[in-house]
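J.: When you get a sec, could you give me coordinates for this:
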Amino acid sequence: MASTKLFEDVFLQDGDSHQSPYYAGDKYLIHGEIRTWQGPVAPVNSPIWRRGSDVPTKIGTYAMLGAAEAVEAVHSSVKAYDHGRGAWPCMTPRQRIQLVEQYLTGLKAKRAEIINLLMWEICKVQADAEKEVDRTIKYVEDTIRAVKDLENAESTFKSDGGIVAHIRRAPFGVVLCCGPFNYPFNETYTTFIPALIMGNTVIMKLPRVGVLCHMPTLELFQSIFPPGVVNVISGSGRVTMPAMMKTGLIDVFAFIGTSQAASEVQKAHPSPHRLRVCLGLEAKNPAIILPDADMKVAVEECILGSLSFNGQRCTALKIIFVHESIASEFVSKFSKAVDALKMGLPWEKDVKITPLPEENKPGYIGELVADAVAKGASVVNTRLGIDRTFVAPQVLFPVTGQMRAYREEQFGPVVPIATFKTLDDIFEYLATSPYGQQASVFSTNPATVATLVDVLVNQVSRVNINAQCQRGPDSFPFTGRKDSAYGTLAITDALRVFSIRSLVATKETKANTDLITQIVDGHSSNFLRLDYLF
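T.: Just a heads-up that it's a prediction; the model follows:
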């Protein structure tokens, strides 16, 4: 897109105290070796431009590994798992926890470095970048506690019908984890950590955008975990991921991205019925503003829900339905609030709107707006424009079913607003939507809220009352219906996703129980045990 320099004053100026980092990201980790890639690399350009420049700020590179390297990472994971006989799957949970805790100590020391990379590479405001890293650290800590609770609850024998059994959770094998660009650190770890701590070996495929924040942790993985337990690769997903799947050696596929990409990768597996999946996919979460809504609350929450991190969240509010009787008032107040959001660089005070990290996103936003305007909508706020990576948020009203913005997940700073007459209009939209993650309801009427809740819980996985859509707390289930998700990611749920219930059983005779007792008392089995994890 041509440089229009509409927002030149919010770009970086020479002499700014924030110096850009630079990472030669030509490193990758396979079988305990940090290797230097000698092949092609791709540039990592920051969305932060310098004033007066038409050249992006280069902050590093990343290795464009090929299919051969990706397959080698799979074989490294297979070797480390060794059909369940490897050092990692055979460790006790206590031993695995100790190593994860050691990694966590090293991760905390990298906190400031990772935060800085998030600001420069994906332009997450400083407070949100800090929150992403801190939330990840807390997620690891909470996962460790959840593993202990799970193990302690299973430290027992069950007897039924003359059969006595010891039931615990065991790993699946090799897990492929792929995170998204918008939460490249936190979302990757919400699958990586539970998969790892349950005894699986893991291949972490880094996202194309958001790749650099993982570079500081390579040495930690190498020095702490047995070779092959953690493998970290980068490169084109279209090249590396199908190649890994075609081996048939991936047991679990954990992916956060689009349903189309997930389907393509899954189809490459020669035995897809054996492939376990955990998918976090698209969403088109609606806000529903009823006539009796608290207008101030509705506007504030819809601003947060639709434009936090420029609307680049799967949980973002991506369309607002407002009752026709209050549409004029809501649209006016909402538009003024949008124009009041401060645009700037991630580390500047009170900044809410930052440059977009996806190279093609400004052009796409422009297309959505042009389509809506051509079909009868208006851009109802006044601060408009697209300048290189900056896109001023645009509010579209009234949006109708003929417009792309009505159905497409925009994943950016454009907010479509539609009107409705009856709740049936809302129910029809949800019923025909391919997505079913969340919805937000704004009303002060108990009867209306109750009616909506009872229908919405059968269409989406979370209903937020007088609040924006969001993920968290991480102890709450995070999932979706239809094309929005497969599987549930919450701390305890994720542990179950990446493990399977296994049991050792025998007839309840004296000879058999004496045998089991000797094994348990002698601490000779890592599975048959009655220890307690504090």
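
J.: Tell me if residue 531 really is in a helix.
T.: No: per DSSP: H, G, I helix; E, B strand; the rest coil, residue 531 lies outside any helix segment and is coil.

J.: how close does it get to residue 525?
T.: Look at residue 531 and residue 525: by CB to CB, to the nearest Å, they are 11 Å apart. Placement of C-beta: from N, CA and C, glycine included.

J.: Also residue 228?
T.: 24 Å.

J.: neighbour count winner among those two?
T.: Remark: of residue 228 and residue 525, residue 228 carries more neighbours, 27 against 13, as counted by other CB atoms under 10 Å.

J.: Contacts only, for the spatially closest residue to residue 61 that is not a sequence neighbour.
T.: Spatially, and ignoring its direct neighbours in sequence, residue 61 is nearest to residue 41 (4.1 Å; CB to CB, 6 or more residues apart in numbering). Contact partners of residue 41, counting by CB atoms under 8 Å, 6 or more residues apart in numbering, are 25, 26, 61, 62, 63, 64.

J.: nearest to residue 469, of those?
T.: Nearest to residue 469 among those is residue 62, at 31.7 Å by CB to CB.

J.: Now that closest one. Nearest residue, chain neighbours left out?
T.: residue 25 (4.0 Å).

J.: then stretch 343-363 to CSV, C-alphas only?
T.: Extracted C-alpha coordinates of stretch 343-363, given in CSV (Å, rounded to 0.1, in the frame of the first residue of the first chain):
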residue,chain,number,x,y,z
MET,A,343,-3.0,6.2,18.5
GLY,A,344,0.7,5.7,19.0
LEU,A,345,3.7,3.4,19.8
PRO,A,346,3.4,0.5,22.2
TRP,A,347,5.4,2.1,25.0
GLU,A,348,3.7,5.5,25.0
LYS,A,349,1.3,6.3,27.9
ASP,A,350,-2.4,5.7,27.4
VAL,A,351,-1.9,4.4,23.8
LYS,A,352,-4.7,2.1,22.7
ILE,A,353,-4.3,1.8,18.9
THR,A,354,-0.9,0.7,17.5
PRO,A,355,0.5,-0.3,14.1
LEU,A,356,-0.7,-3.7,12.6
PRO,A,357,1.8,-6.5,12.3
GLU,A,358,0.2,-8.3,9.4
GLU,A,359,1.5,-6.9,6.1
ASN,A,360,-1.7,-7.3,4.2
LYS,A,361,-4.1,-6.4,6.9
PRO,A,362,-4.4,-2.6,6.2
GLY,A,363,-5.4,-3.4,2.6
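
J.: Go through it and flag the buried ones.
T.: Within stretch 343-363, the residues that count as buried by 16 or more other CB atoms under 10 Å are 343-347, 351-358, 361-362.

J.: from those, which ones fall inside strands?
T.: Mapping these onto strands (DSSP state E) picks out 343, 351, 352, 353.

J.: Near the closest residue to the third one other than its chain neighbours, how many residues? Count them for me, please.
T.: Once its chain neighbours are removed from consideration, residue 352 has its nearest residue in residue 341; the separation is 4.3 Å (CB to CB, 6+ apart). Residue 341 is surrounded by 17 other residues when neighbours are defined as other CB under 10 Å.

J.: try residue 412
T.: Using other CB under 10 Å, the number of residues around residue 412 comes to 22.

J.: Equivalent analysis for residue 36, please.
T.: If we define neighbours as other CB under 10 Å, then residue 36 has 9 of them.

J.: who's in contact with it?
T.: Going by CB under 8 Å, 6+ apart, residue 36 touches 26, 27.

J.: partner residues bridging it?
T.: For residue 36, the beta-bridge partners under DSSP bridges are residue 27.

J.: pLDDT score assigned to it?
T.: Reported pLDDT at residue 36 in the predicted model: 96.

J.: same thing with residue 3?
T.: In this model, residue 3 carries a pLDDT of 45.

J.: try residue 54
T.: Among the per-residue scores, residue 54 holds a pLDDT of 80.

J.: In a helix, it, correct?
T.: No: assigned with three-state DSSP, residue 54 falls outside any helix and is coil.

J.: contacting residues around the most centrally placed residue in the chain?
T.: With distances taken as CA atoms, centre = their mean, the chain has residue 187 as the residue nearest its mean C-alpha position (3.3 Å). By CB under 8 Å, 6+ apart, residue 187 lies in contact with 179, 180, 256, 280.

J.: Now do the last one: how many residues are near it, please.
T.: Burial of residue 280 is recorded as 28 neighbouring residues (other CB under 10 Å).

J.: Can you verify my assumption that residue 347 contacts residue 118?
T.: No: in this structure residue 347 lies outside contact range of residue 118 using CB atoms under 8 Å: 11.2 Å.

J.: The stretch 151-300 of the chain: helices as residue ranges?
T.: 186-197, 218-224, 237-246, 259-267, 295-307 (DSSP state H, counting those that start in this stretch).

J.: Output these in a markdown table; the columns should cover mean pLDDT and distance to residue 319.
T.: Below are the helices of the stretch 151-300 of the chain laid out as a markdown table (pLDDT from 0 to 100; distance: least, CB to CB, whole Å):
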| stretch | mean pLDDT | distance to residue 319 |
| --- | --- | --- |
| helix 186-197 | 98 | 23 |
| helix 218-224 | 98 | 40 |
| helix 237-246 | 97 | 28 |
| helix 259-267 | 96 | 18 |
| helix 295-307 | 98 | 9 |
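
J.: Which among those is found nearest to residue 86?
T.: The nearest among those, by CB to CB, is helix 186-197 at 13.0 Å.

J.: how distant is the closest one from the center of its chain?
T.: With CA atoms, centre = their mean, to the nearest Å as the basis, helix 186-197 stands 10 Å off its chain's centre.

J.: just stretch 220-232 next, same as before
T.: Worked out by CA atoms, centre = their mean, stretch 220-232 lies 22 Å from the chain centre.

J.: Output it in PDB with nothing but the alpha carbons.
T.: Output of stretch 220-232 as PDB, limited to C-alpha atoms (Å, rounded to 0.1, in the frame of the first residue of the first chain):
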ATOM      1  CA  LEU A 220      16.700 -23.000  28.300                       C
ATOM      2  CA  PHE A 221      15.100 -25.800  26.400                       C
ATOM      3  CA  GLN A 222      18.500 -27.100  25.400                       C
ATOM      4  CA  SER A 223      20.100 -27.100  28.900                       C
ATOM      5  CA  ILE A 224      17.100 -28.300  31.000                       C
ATOM      6  CA  PHE A 225      15.200 -31.000  29.100                       C
ATOM      7  CA  PRO A 226      16.500 -34.300  27.700                       C
ATOM      8  CA  PRO A 227      17.400 -34.200  24.000                       C
ATOM      9  CA  GLY A 228      14.400 -34.400  21.700                       C
ATOM     10  CA  VAL A 229      11.800 -33.700  24.400                       C
ATOM     11  CA  VAL A 230      11.400 -30.100  23.000                       C
ATOM     12  CA  ASN A 231      12.100 -29.300  19.400                       C
ATOM     13  CA  VAL A 232      11.700 -25.800  18.100                       C
END
